[in-house]
Every structure is written in structure tokens, then in C-alpha cells.
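Enquirer: Have a look at this fold, sequence not included:
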């Protein structure tokens with residue numbers, strides 16, 4: 001956005017960014033609770049505490065971005081995401097075949113550093129099931145999609161998506177949940193714009 005924007009446009013943009021930071025903060029807390037419930041050691045909190053002792057943590061948008069990157073790195077450390085090669089092997093594909101599938105909305109990857117990672121939950125699921133759910137998530141960014149897959153949802157018995165599917169929850173029910181999640185997320189952006 002250029003500096004020639006009107007004050008009203010800039011204020012709307014600021015409000016949109018503040019709303020996005022608020023949603024990210026809520027999602028980060030949900031992820032921390034989920035990770036804690038699953039018995040994973042949360043070295044992120046300890047790492048942040050020691051970082052505070054060394055240097056100040058940025059606040060505002062810069063802080064939110066830094067915390068988002070730290071969360072993605074933590075996903076790798078905790079094994080919540082896997083490299084494309086691992087997913088491709090599990091599905092009997094080449095790594096190169098994942099890119100067009102992502103372009104069609106059948107899977108998504110989270111870019112961490114200069115590598116693409118996929119949710120570990122995909123490994124145990126049928127490709128068509130994953131594709132059905134991922135298509136319902138539409139154009140959400142990859143982190144929002146990842147949070148959907150990690151979060152426990154009351155609509156599927158308080159389970160994560162992979163656990164719900166594994167327990168026999170119908171794919172159509174999960175697909176509808178994904179579509180509702182997407183509408184809620186996109187609606188929040190429009191309201192904040």
C-alpha cells in the first residue's frame with residue numbers, strides 16, 4: 001500500500017491488521033493448549049523466556065510475525081509437520097507431484113525457512129479425504145489451514161481433524177466444518193477491512 005492512501009483507508013488497514021493479530025494471538029494460545037494436552041514439551045515458552053532475558057521481544061505487527069515464525073519452527077521441532085518427501089512416500093507419489101496437488105487445493109504446505117512442510121496428520125489419511133477437507137478450506141493461508149488441522153473441534157467430539165476422521169467421523173461432516181471455519185475466517189477479515 002502506498003503512502004498516498006487516505007487516512008480513512010489507512011485506519012481501516014490498521015484495524016484489519018489489529019484484528020488479524022488478535023486472531024493470531026488466539027490461535028497461538030489454542031495451539032499452545034493443544035500441544036500441552038498432547039503431552040509435547042513446550043520448549044517454545046522456555047525459549048521465549050530466555051530470549052527475553054537476552055533482548056527485548058518486538059511488539060505489534062513485528063512481534064506477531066516473529067511469534068508466528070517461532071510457532072512454525074516449533075511445529076517442525078515437535079514433528080507436527082513433515083517434509084514433502086515423507087508425505088510423497090506415504091502416498092506413493094513423487095515430491096514433485098505434491099506441488100500441482102497444492103495448486104488444485106488438495107493439500108497445502110507451510111513454508112518454514114526455505115522449505116515446504118506438510119501436516120504430519122496427512123501421512124495416515126487417504127489422499128482423497130485430505131483433498132476433500134483441504135478444498136473446503138479454500139483460499140485461507142497455509143497457517144490458518146494448519147491451525148484448523150491441529151485444533152480440537154467441538155463439532156467432531158472435541159478431537160483434532162485427523163483423530164476425528166480416524167475415529168469414524170464422516171468426511172462430509174469434516175468438510176462442512178472446514179467450510180464453516182473458512183467462512184468465519186474470511187468473514188472476520190471482511191469485517192476488519
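Expert: Nice, thanks for sending it over. All values derive from a computational prediction rather than experimental measurement. Numbers count the residues shown, from 1 in each chain.

Enquirer: Who are the packing partners of the helix or strand harbouring residue 61?
Expert: Assigned by DSSP states H and E, residue 61 falls within helix 60-77. Contact here means 3 or more C-beta pairs under 8 Å, 6 or more residues apart in numbering; DSSP states H and E; on that basis helix 60-77 packs against helix 7-37, helix 43-54, strand 110-112, helix 142-150. Where C-beta positions appear, they are placed from N, C-alpha and C, glycine not excepted.

Enquirer: how about the last one: buried residues?
Expert: Along helix 142-150, these residues count as buried under the neighbour rule (16 or more other C-beta atoms under 10 Å): 142, 143, 144, 145, 146, 147, 148, 149, 150.

Enquirer: the bottom helix or strand of the chain by mean pLDDT?
Expert: Every helix and strand of the chain was ranked by mean pLDDT, DSSP states H and E. The lowest is helix 43-54, at a mean of 47.

Enquirer: burial of residue 117, as a residue count?
Expert: Neighbour count for residue 117, taken as other C-beta atoms under 10 Å: 22.

Enquirer: Please report the distance of the residue nearest to it when sequence neighbours are not counted from residue 132.
Expert: Nearest residue to residue 117 in three dimensions, chain neighbours excluded: residue 81, at 3.6 Å (C-beta to C-beta, 6 or more residues apart in numbering). In this view, residue 81 and residue 132 are 20 Å apart by C-beta to C-beta, to the nearest Å.

Enquirer: who has more neighbours, these two?
Expert: Taking neighbours as other C-beta under 10 Å, residue 81 and residue 132 compare with residue 81 leading, 26 against 16.

Enquirer: what's the longest strand in the protein?
Expert: If you go by DSSP state E, the chain has its longest strand at strand 115-119.

Enquirer: Wasn't residue 168 part of a helix?
Expert: No. Counting by DSSP: H, G, I helix; E, B strand; the rest coil, residue 168 is not found in a helix; it is coil.

Enquirer: From the buried residues of helix 142-150, pick the one nearest residue 76.
Expert: Proximity of the buried residues of helix 142-150 to residue 76 (C-beta to C-beta) peaks at residue 146, which lies at 11.8 Å.
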